[in-house]
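# After the sequence you'll find the predicted model.
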Protein chains: 2
Amino acid sequence: MSQVVCEIITVGNELLIGKTLNTNAHWLAKRITVLGGSVARITVVRDDVSEIASSVKEALQRKNSFIITSGGLGPTFDDKTLEGIAHALGVELKVHDEALKMVREKYKKYVEERRMEKVELTPHRLKMAKLPEGAHPLPNPVGTAPGMVFKREETTMVALPGVPQEMEAIFEESVTPLLQRETGKFTFFESSIDAFGVGESSIAPLVDRVMHENPYVYIKSHPKTGEKVYHVELHFSTTAEDSTVAESRVGKALVQLSELIQEIGGKTKPAKPE
Amino acid sequence: MSQVVCEIITVGNELLIGKTLNTNAHWLAKRITVLGGSVARITVVRDDVSEIASSVKEALQRKNSFIITSGGLGPTFDDKTLEGIAHALGVELKVHDEALKMVREKYKKYVEERRMEKVELTPHRLKMAKLPEGAHPLPNPVGTAPGMVFKREETTMVALPGVPQEMEAIFEESVTPLLQRETGKFTFFESSIDAFGVGESSIAPLVDRVMHENPYVYIKSHPKTGEKVYHVELHFSTTAEDSTVAESRVGKALVQLSELIQEIGGKTKPAKPE
């Protein structure tokens, strides 16, 4: 069983003008990794049909297992993700019966909860029930707009809203089981140490050596500047079919590198969690 | 004078496993926007030569004015950005005299400051002085690895380190003047209001109307879930050659939309800064 490779596409002008920090991509990347998958690429595009369509087309050409989008599913003019996906797939956007039922029930619930008058299904609201032909809606336990899943050849496309709570809720309820079915027992394990007193360029050849001897462990050094003494964080990670194997692999590499760093006069200690 | 369009490519496995939040892309997007440029796309790829090369090639094909990369300039085996850029450009990676001088002087300084013994210019350290042929180094006021600038046809490529303080320092010192030369007097202006008591789908047609009447102002609604009452943030932005024009455009649209929201029973107030 090989690793399940995913791509993330986040849609929204607010991400490209530096208004909003892309915590959605970060959350998705972490969840996919923890579930045993790997993320090959994250792309951020603006609320523009042709930009969304071309990023989706390019991702489809890379033939990875999953493409997960976030943002642009709501009722406003600039919620264009599904139109962009439909373009990329060469299909029409149509009202989906099940999605329409989901949207209707949400508004019924809002009317009851908020003691509002009857809510009309305006064109802006109806928009949230339109999916690319061949897609299936994913229930939104938190908000109004349903998510979407679409299978094209080897790739499963998933569209999630941009509001973090809605994105996370749909992911946990509907996407996690889809991913787990493909990632199987793959487990990700990571651990970090902080090294003091020696610079990144002195540690670099030691990292090369330890990685050569531990081919399944990835070691990445992160220099911390602004410190009076040299301070480098060393991050160890691996993905394995067995969590005990993953943990012992990382443990072995971590001990080896710590010893080598101490031999050249550095000090190491377990890193503080971020 | 038209707007200067930029792309950002951030390189690093830590961004794709959800270890590190991509604050670098956020910072760059904000600075570019404030300087009057616009960001068309952000791409995140892992520390892999062919991934970096293909993301750079794709960006070059879009023929925007700037491609700015962050990450992967250091001394370790997985600092591969310049190798990826050289690949994409079809040129060799070679020791650059000026870059070598910069790296040498940094180590000389470290030796003096930290009272270390002489530091050898090991292959890992020499690596930081290698640039794609035809590139120029950008001095790093904070760390060791120089940045890089490379002009190919209409596109200026800039490579910055991934350590935030180093990236920011090189950007401010060397990239800001390059950008400003092209953006000229373009100014970005933004403002937000919070609307309460009416949902995003009720506000959507009002946004359409105000945007139609104010074609240079972009209005984006951000629903805030988890609130007991409806709460939607409305963000107004524009870019103009004159800051007074930009401000008055946004102000006019903001007042119009506030009034329309109040007409349908909602309340509005200036948004709290994020």
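Structure's in. What do you need? The structure displayed is predicted, hence computed values, not measured ones.

# Every contact and neighbour count from this point should use C-alpha atoms.
Noted.

# quick one: contacts for the residue nearest to A:S237 when sequence neighbours are not counted?
Ranked by C-alpha to C-alpha, 6 or more residues apart in numbering or on different chains and with sequence neighbours excluded, the top spatial neighbour of A:S237 is A:E190, at 4.2 Å. Neighbouring residues of A:E190 by C-alpha atoms under 8 Å, 6 or more residues apart in numbering or on different chains: A:235-238, A:247, A:250.

# and A:E190, that one's in a strand?
Yes: under DSSP: H, G, I helix; E, B strand; the rest coil, A:E190 falls within a strand.

# which regions of chain A sit below the pLDDT cut-off?
A:1, A:115, A:226-228, A:273-274 (pLDDT under 70).

# can you give me the strands in the stretch 151-274 of chain A?
Counting by DSSP state E, counting those that start in this stretch, the stretch 151-274 of chain A has strands at residues A:155-160, A:187-196, A:218-223, A:231-240, A:267-270.

# Specify the stretch among these that is closest to B:K63.
strand A:155-160 (28.4 Å; C-alpha to C-alpha).

# quick one: that closest one to chain centroid distance?
Strand A:155-160 sits 12 Å away from the centroid of its parent chain (C-alpha atoms, centre = their mean, to the nearest Å).

# okay, it in PDB with CA atoms only?
Output in PDB follows, covering the C-alpha atoms of strand A:155-160 (Å, rounded to 0.1, in the frame of the first residue of the first chain):
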ATOM      1  CA  THR A 155      -8.900  11.500  -8.100                       C
ATOM      2  CA  THR A 156     -11.500  12.300  -5.500                       C
ATOM      3  CA  MET A 157     -12.300  16.000  -5.500                       C
ATOM      4  CA  VAL A 158     -13.700  17.500  -2.300                       C
ATOM      5  CA  ALA A 159     -15.000  21.100  -1.900                       C
ATOM      6  CA  LEU A 160     -15.400  22.500   1.600                       C
END
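
# Most neighbours among the contacts of A:E190, please name it.
Among the contacts of A:E190, A:V250 has the most neighbours (other C-alpha atoms under 10 Å in any protein chain shown), with 24 neighbours.

# Hmm, that one is touching A:L234, no?
No: with contacts counted by C-alpha atoms under 8 Å, A:V250 stays clear of A:L234, the gap being 11.7 Å.

# what comes up buried for the longest helix along chain A?
Ranked by residue count under DSSP state H, the longest helix found in chain A is helix A:243-263. Buried residues in helix A:243-263, counted by 16 or more other C-alpha atoms under 10 Å in any protein chain shown: A:243, A:246-247, A:249-251, A:253-254, A:256-258, A:260-261.

# So which bits of the stretch 51-200 of chain A are right by chain B?
Counting by C-alpha under 8 Å from any C-alpha of the partner chain, the residues of the stretch 51-200 of chain A lying close to chain B are A:75-78, A:124-125, A:143, A:163, A:165, A:200.

# Which members of those occur in helices, if any?
The helices, defined by DSSP H, take in A:124-125, A:165, A:200 from those.

# and which of those is nearest to B:K109?
A:E200 (16.1 Å).

# That closest one and B:P75 touch, don't they?
Yes: if you go by C-alpha under 8 Å, A:E200 and B:P75 touch, sitting 7.1 Å apart.

# Make TSV out of the buried residues of helix A:243-263 and add distance to chain B.
Below are the buried residues of helix A:243-263 laid out as TSV (distance: C-alpha to the nearest C-alpha, whole Å):
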residue	distance to chain B
A:S243	17
A:A246	16
A:E247	17
A:R249	18
A:V250	16
A:G251	19
A:A253	17
A:L254	17
A:Q256	18
A:L257	14
A:S258	17
A:L260	16
A:I261	15
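
# Separate out the buried members of the residues of the stretch 51-200 of chain A next to chain B.
Among these, the ones that count as buried by 16+ other C-alpha under 10 Å are A:75-78, A:124-125, A:143, A:163, A:165, A:200.

# Closest one of the residues you listed to A:G18?
A:V163 (16.8 Å).

# residue contacts, the closest one?
A:V163 makes contact with A:71, B:222-225 under the criterion C-alpha under 8 Å, 6+ apart.

# and with 10 Å instead?
By C-alpha atoms under 10 Å, 6 or more residues apart in numbering or on different chains, A:V163 lies in contact with A:24, A:70-74, A:142-143, B:222-225.

# Likewise for A:A86?
Counting by C-alpha under 10 Å, 6+ apart, A:A86 touches A:49, A:52-53, A:56, A:92-94, A:131-135.

# Give me the phi and psi angles of it.
Recorded main-chain torsions at A:A86 are phi -60, psi -40, according to degrees, to the nearest 10.

# hang on, the earlier thing: Throw the contacts of A:E190 into a markdown table and include distance to B:L16, thanks.
A markdown table is the format used below for these (distance: C-alpha to C-alpha, whole Å):
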| residue | distance to B:L16 |
| --- | --- |
| A:H235 | 14 |
| A:F236 | 14 |
| A:S237 | 13 |
| A:T238 | 14 |
| A:E247 | 20 |
| A:V250 | 19 |
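
# Looking at these, which two lie furthest apart in space?
Using C-alpha to C-alpha, the contacts of A:E190 span at most 13.4 Å, a distance reached by A:H235 and A:E247.

# about what we covered before: pick the one among the residues of the stretch 51-200 of chain A next to chain B closest to B:V210.
Ranked by distance to B:V210 (C-alpha to C-alpha), these are led by A:F77 at 12.1 Å.

# doesn't A:D47 make contact with that closest one?
Yes: assessed by C-alpha atoms under 10 Å, A:F77 is found in contact with A:D47 at 9.4 Å.

# Which neighbours do the two have in common?
Counting by C-alpha under 10 Å, 6+ apart, the residues touching both A:F77 and A:D47 are B:K220.

# Please look at A:L16 and B:H26 and confirm they touch.
Yes: A:L16 is within contact range of B:H26, at 7.7 Å (criterion: C-alpha under 10 Å).

# So those two - more neighbours on which side?
Higher neighbour count among A:L16 and B:H26: A:L16, with 28 against 20, using other C-alpha under 10 Å.

# where do the helices sit along chain A?
Under the criterion DSSP H, chain A carries helices at the ranges A:13-16, A:23-34, A:49-61, A:81-89, A:97-114, A:123-126, A:164-170, A:176-183, A:200-213, A:243-263.

# any chance of those helices in TSV, with distance to B:R62 too?
Shown next, in TSV, are those (distance: least, C-alpha to C-alpha, whole Å):
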stretch	distance to B:R62
helix A:13-16	17
helix A:23-34	23
helix A:49-61	11
helix A:81-89	18
helix A:97-114	36
helix A:123-126	33
helix A:164-170	30
helix A:176-183	33
helix A:200-213	36
helix A:243-263	41
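
# what number of residues lie near A:K101?
Burial of A:K101 is recorded as 11 neighbouring residues (other C-alpha under 10 Å).

# With chain B as the reference, measure out to it.
17 Å (C-alpha to the nearest C-alpha, to the nearest Å).

# From the residues of the stretch 51-200 of chain A next to chain B, pick the one nearest B:A99.
Within these, the smallest distance to B:A99 is 18.5 Å, found for A:E200 (C-alpha to C-alpha).

# I'd guessed the closest one sits against B:D79; true?
No: between A:E200 and B:D79 there is no contact under C-alpha under 10 Å: 11.6 Å.
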